[in-house]
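1. Here you go, sequence then predicted model.
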Amino acid sequence: MELVPVEGGLCEIVGTNLSNPAFPLVRYAADDLVEPGGPCSCGLPDRTVTTLEGRREDNIVLPDGSRIRGIDHLVNDSIDIR
């Protein structure tokens with residue numbers, strides 16, 4: 001698993017999985033955004049994640065700074081939109 005920096009201190013999870021020989025995933029970008037943490041408290045050199053921000057998608061930012069996500073379903077089945 002890689003944590004690839006994107007914006008605002010967040011990283012995108014990019015992973016490789018070779019356990020399925022019929023459909024290996026090489027550097028698969030999951031569109032999941034996380035805030036990376038420091039080293040593991042157990043002493044191992046593993047990476048940690050502080051928060052899982054969710055999928056990378058369009059957001060509506062309200063005047064108070066809160067965000068509305070996941071609104072793409074409103075137009076997914078729409079046709080003839082210009």
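-> That came in fine, so what should we check first? Numbering: from 1, shown residues only.

2. CA only for contacts and neighbour counts going forward, please
-> Noted.

3. Centre-most residue in the protein?
-> With distances taken as Cα atoms, centre = their mean, Asp32 lies nearest the centre of the chain, 1.4 Å away.

4. For Asp64, give its distance to Val34.
-> Asp64 sits 23 Å away from Val34, going by Cα to Cα, to the nearest Å.

5. Now do the residue lying closest to Arg55 once chain neighbours are set aside against Ser78, distance only.
-> Computed as Cα to Cα, 6 or more residues apart in numbering, the closest residue to Arg55 that is not its neighbour in sequence is Asp32, at 4.4 Å. Between Asp32 and Ser78 the distance is 26 Å, computed by Cα to Cα.

6. same deal with Ile13?
-> Counting by Cα to Cα, the gap from Ile13 to Ser78 is 31 Å.

7. Find me the pLDDT at the residue of the chain most remote from its centre, would you?
-> Residue farthest from the centre of the chain, counting by Cα atoms, centre = their mean, is Asp80 at 30.4 Å. As predicted, Asp80 sits at a pLDDT of 73.

8. Confirm that it sits in a helix.
-> No. Residue state for Asp80 (DSSP: H, G, I helix; E, B strand; the rest coil) corresponds to coil; a helix is not indicated.

9. Give me the contacts around stretch 45-62.
-> The contact list for stretch 45-62, computed with Cα atoms under 8 Å, 6 or more residues apart in numbering, reads 31-40, 67-71.

10. Any stretches of the protein with poor pLDDT?
-> Along the chain, segments meeting pLDDT under 70 span 56-59, 70, 72-75, 81-82.

11. ok, and for the longest strand seen in it, which residues are buried?
-> The residue-count maximum for a strand in the chain (DSSP state E) belongs to strand 25-36. Within strand 25-36, the residues scored as buried using 16 or more other Cα atoms under 10 Å are 32-36.

12. mind listing what the residue nearest to the centre of the chain touches?
-> Neighbouring residues of Asp32 by Cα under 8 Å, 6+ apart: 12-13, 52-56.

13. Let's see the ChimeraX selection covering just the buried ones among the residues you listed.
-> To isolate the buried ones among these in ChimeraX, judged by 16+ other Cα under 10 Å, type:
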select :12,13
